[in-house]
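**Q** whatever this is, show me its structure:
(one chain, ligands or ions: 1)
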Amino acid sequence: MNDEKLRSLADPEFEQYFLVSPEKLSLLLRAAEIQPNDRVLEVGAGAGTVARNLPPCKSLTLVELDDRLIEILRDAVPHAQVIQGDALHLVHELPFDVLIGNLPNTVTESLIDTLPSLSFRTAVLAVGQSTNLDHLRGKYAVTEVTTITGDDFRPSQPSVSRIVKVTRR
Ligand SMILES: C[S@@+](CC[C@H](N)C(=O)[O-])C[C@H]1O[C@@H](n2cnc3c(N)ncnc32)[C@H](O)[C@@H]1O
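**A** Prediction:
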């Protein structure tokens, strides 16, 4: 999908900025360490710019709240199961080994609070610059992968986010 189409799809109400930087996508994918037997869940999958770059895995499920993007995701990533709904509810219902998410910061912070109640091996999440992750550090190793901002996205994202990797100790 070209830049113009991504810009026209983006709805500020949903804080939609789609990650397109090949360098940042590659860092994100490397951090996720997806194995062929993994069940992968991406929450807030947007237009599929991350999902279509994911390596082969046992199953790929994409959750997106905005119903305008559901058919676009199905076309962009035909091998994925695409579900319209709220990630904060669906993470409790869907099984996964690897979780990937670049959601609005307030949603991510709620997701982070709920992580200890979920069963997974690795989560790779975009978080705000000031999002506090200290409460995860006892149970999980939390490492910073990279920062993403500006022209890493279409449209350009005004704020800076951090991609963090969370793995069970
Ligand atoms: C910043 S965009 C990122 C899209 C994609 N992950 C990427 O990096 O290109 C955030 C996406 O999360 C979706 N979203 C917002 N709240 C959500 C929620 N509660 N559950 C699922 N998706 C949500 C938005 O509609 C939007 O597509």
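**Q** show me how far the helix or strand harbouring Leu25 is from its chain's centre.
**A** Element membership of Leu25 [criterion: DSSP states H and E] is helix 22-32. Centroid separation between helix 22-32 and its chain, computed with Cα atoms, centre = their mean, to the nearest Å, is 12 Å.
**Q** residues from the protein in reach of the ligand?
**A** 14-19, 43-46, 49-50, 63-66, 86-88, 102-104, 107 (Cβ under 6 Å from any ligand atom). Every residue, glycine included, has its C-beta placed from N, CA and C.
**Q** what subset of those residues is buried?
**A** Using 16 or more other Cβ atoms under 10 Å as the burial test, the residues of the chain next to the ligand include 14-19, 43-46, 49-50, 63-66, 87-88, 102-103, 107 as buried.
**Q** for the residue nearest to the spatial centre of the chain, what are its contacts?
**A** Centroid check for the chain by Cα atoms, centre = their mean gives Gly101 as the closest residue, at 1.9 Å. Contact analysis of Gly101 by Cβ atoms under 8 Å, 6 or more residues apart in numbering lists Glu42, Val43, Gly44, Ala87, Thr108, Leu111, Ala123, Val124, Leu125, Ala126.
**Q** out of the residues you listed, what pair is the most spread apart?
**A** Comparing all pairs in the contacts of Gly101 by Cβ to Cβ, the longest separation belongs to Ala87 and Val124, at 14.3 Å.
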